[in-house]
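[1] Dropping the sequence and predicted coords here.
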Amino acid sequence: MSTVPGPWYADVDFCRPFLRQGGIDEAQYIAAIGEVQALMSLEEAQRQLASVGSFAAPTLHPYPGSRLEHHPLPLLLALDIRAINVWTELVRLGLALLRTRDLPGILSKRKLLLNFDQYRSTLFEIEAFAYFVAAGLSPRVRKDTPDCVLDVGGKPVNVEIRLGEANFGVALFHAISPPFVDDFGTYRIRVPSGVGGQGEKVYDIARAIQIDIEQLFSGGVEASIPRTEYQVDYSPTGARELSLSFGPDAPQTYAETLEAQVMKWLKEKDEKLLSLGSESPSVIALDIRALVWGLPRPGGKLATDAYYQRQIAARQTPEHRQAVTRGIQAFLTSAKAVRGVLTWWRKFEWELSLSEQLFEPWEVTLTTKLTHEEVPNTAALPVLFRRVYY
């Protein structure tokens, strides 16, 4: 087959170098792109694109600390940006749709993908279903609790799916934190109740806070700067730390915020699953990709690169990942219905091959009361489940 009529990504001849580099065959590629095009016509995508003022590079998933300002699907479909990162996003979505197309009940999920308010949670559900299909676990999609039921060696496992979203506070943390690589003292930022719910832009508040932080740092003495939307308290002799509070709550570091938020999300799901009265083991699938960055492979070339080491130190990625894991493990010690948590993490994207970006873009871990381990591939998941639950 030569070319497929339509936009640039449907032109197989043009995309053939990408296909070879990504290790995807032509028939699979055409089918995957066809699944994405079936979600929204090019005309509708162009119409929606025309109504968008400004936008960042389109991506299916927001980067940690960011929030999607616009629905990415019309941007990906209608923009004439012949770039490999746009191509990768389209193919990755298409492959997930292709793997799940024959699941009963999946059509209603696909329709929800077009609803911007439900897009991210629905995308994660479809990605999780695709992962379970690839693992041979025959997910049975449900409209209520649990979100799906897996067949593990002929026995059921209930799965509830939870998206970890970057709320205003999380986005503000990320927007403020990157400039601080060296020791800079202790900053406590207090935000009054209600800020963040009136349409304020994260960037505008973060930039104002950064200016005040630089002013306090230059002064070198303990001081505070009160503003209408926040107050910054500074101690030059304190440990290198940035904490944030909303309303009357005590200030927390980002790691503390993550740990508490993860426990809260998981407890809510545990209560829903407990109300079922099911004797089958239950698992929560948790998406943490919008909250924490990835880490290089241990022993890999980028793991010892000085530039990336500085970036990782500035972002405090190891501390943040550890905080999420602590929250999960603390939850499991008192969970009533849930026996384990499958967590979707970002990988260190700068070291991924194109094939890995398409077929193994995320790290998945399984945490139980006794273990926390990476799932090396989809084939290993049924083995892990049987070992832990039956």
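    That came through fine.

[2] Okay, domains of this structure per the record?
    Domain assignment for the chain by automatic domain parsing gives 8-104, 168-253.

[3] where in the stretch 151-300 of the chain is pLDDT low?
    177-183, 197-200 (pLDDT under 70).

[4] what about Pro298, which SS state?
    Under DSSP: H, G, I helix; E, B strand; the rest coil, Pro298 falls in the coil class.

[5] mind listing the strands for the chain?
    Counting by DSSP state E, residue ranges of the strands within the chain are 140-141, 148-152, 155-163, 186-191, 223-226, 231-235, 241-246, 252-253, 282-287, 338-346, 362-367, 372-374.

[6] Please list all residues in contact with Ala206.
    Ala206 sits next to Leu172, Ala175, Ile176 when contact means Cβ atoms under 8 Å, 6 or more residues apart in numbering. Any C-beta I mention is one placed from the backbone N, CA and C, and that applies to glycine too.

[7] just Tyr234 next, same as before
    Here Tyr234 is in contact with Gly185, Thr186, Tyr187, Arg188, Ile213, Leu216, Phe217, Glu222, Ala223, Ser224 (criterion: Cβ under 8 Å, 6+ apart).

[8] what bridges to it?
    Tyr187, Ala223 (DSSP bridges).

[9] I'd like to know how far it sits from Arg188.
    8 Å (Cβ to Cβ, to the nearest Å).

[10] Leu49 now?
    The value you get for Leu49 to Arg188, if Cβ to Cβ is used, is 43 Å.

[11] likewise Leu244?
    In terms of Cβ to Cβ, Leu244 sits 8 Å off from Arg188.

[12] More neighbours: which of those two?
    Ranked by neighbour count (other Cβ atoms under 10 Å), Leu244 and Arg188 place Leu244 first, with 24 against 18.

[13] Contact partners for that one?
    Gly169, Leu172, Phe173, Ile176, Ile189, Arg190, Val191, Pro251, Gln252, Tyr254, Thr257.

[14] Now the most centrally placed residue in the chain. Nearest residue, chain neighbours left out?
    Compute the mean C-alpha point of the chain, and by Cα atoms, centre = their mean the closest residue is Arg289, 2.3 Å away. In space, and not counting its chain neighbours, Arg289 is closest to Arg346: 5.0 Å by Cβ to Cβ, 6 or more residues apart in numbering.

[15] Can you name the residues bridging to the one you found?
    If you apply DSSP bridges, the partners that Arg346 bridges to are Trp362.

[16] ok so, going back, who wins for proximity to Arg339 among the domains of the chain?
    Among those, the nearest to Arg339 by Cβ to Cβ is domain 8-104 (24.0 Å).

[17] I'd like the domains of the chain as a markdown table, with distance to Arg142 appended.
    As requested, those are exported to a markdown table (distance: least, Cβ to Cβ, whole Å):
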| stretch | distance to Arg142 |
| --- | --- |
| domain 8-104 | 10 |
| domain 168-253 | 29 |
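
[18] Now do the same contact list for Val91.
    Gly22, Ile24, Tyr29, Ala32, Ile33, Leu358.

[19] what about the fourth one, neighbour count?
    Around Ala32 there are 22 other residues, counting by other Cβ under 10 Å.

[20] coming back round to it: nearest to Tyr389, of the domains of the chain?
    Nearest to Tyr389 among these is domain 8-104; the distance by Cβ to Cβ comes to 22.2 Å.

[21] And for Pro296, the neighbour number?
    For Pro296, using other Cβ under 10 Å, the count is 19.

[22] That one touches Glu351, doesn't it?
    Yes. The criterion here is Cβ atoms under 8 Å, and Pro296 meets it with Glu351 at 6.0 Å.

[23] residues shared between the contacts of the two?
    Leu302.

[24] Which two among the contacts of Leu244 are spaced furthest apart?
    Arg190 and Tyr254 (15.4 Å).

[25] okay, these two: which has more neighbours?
    Legend: neighbour count by other Cβ under 10 Å for Arg190 and Tyr254, higher for Tyr254 (25 against 19).

[26] For that one, which residues are in contact?
    Val170, Phe173, His174, Ser177, Leu242, Leu244, Gln316, His320, Ala323.

[27] what about the stretch 1-150 of the chain, any weak spots by pLDDT?
    Along the stretch 1-150 of the chain, segments meeting pLDDT under 70 span 1-5, 54, 56.

[28] contacting residues around stretch 95-112?
    Residues contacting stretch 95-112 (Cβ under 8 Å, 6+ apart): 28, 31-32, 35-36, 39, 118-119, 122, 125-127, 129-130, 133-134, 139-143, 358-359.

[29] Work out the gap between that stretch and the centre of the chain.
    Its chain's average C-alpha position is 20 Å from that of stretch 95-112, according to Cα atoms, centre = their mean, to the nearest Å.

[30] Now do Thr325 against Thr371, distance only.
    The gap separating Thr325 from Thr371 is 12 Å, by Cβ to Cβ.

[31] These two - which one has more neighbours?
    Taking other Cβ under 10 Å, Thr325 and Thr371 do not tie; Thr325 has more neighbours (20 against 13).

[32] To Gly277, which of the domains of the chain lies closest?
    Between Gly277 and the domains of the chain, the shortest gap by Cβ to Cβ is with domain 8-104, which sits at 24.1 Å.

[33] So for the closest one, first residue to last residue, what's the gap.
    Distance across domain 8-104, first residue to last, is 32 Å (Cα to Cα, to the nearest Å).

[34] Then stretch 246-261?
    Span of stretch 246-261 from end to end, Cα to Cα: 14 Å.

[35] next one: stretch 281-297
    Using Cα to Cα, the two ends of stretch 281-297 sit 32 Å apart.
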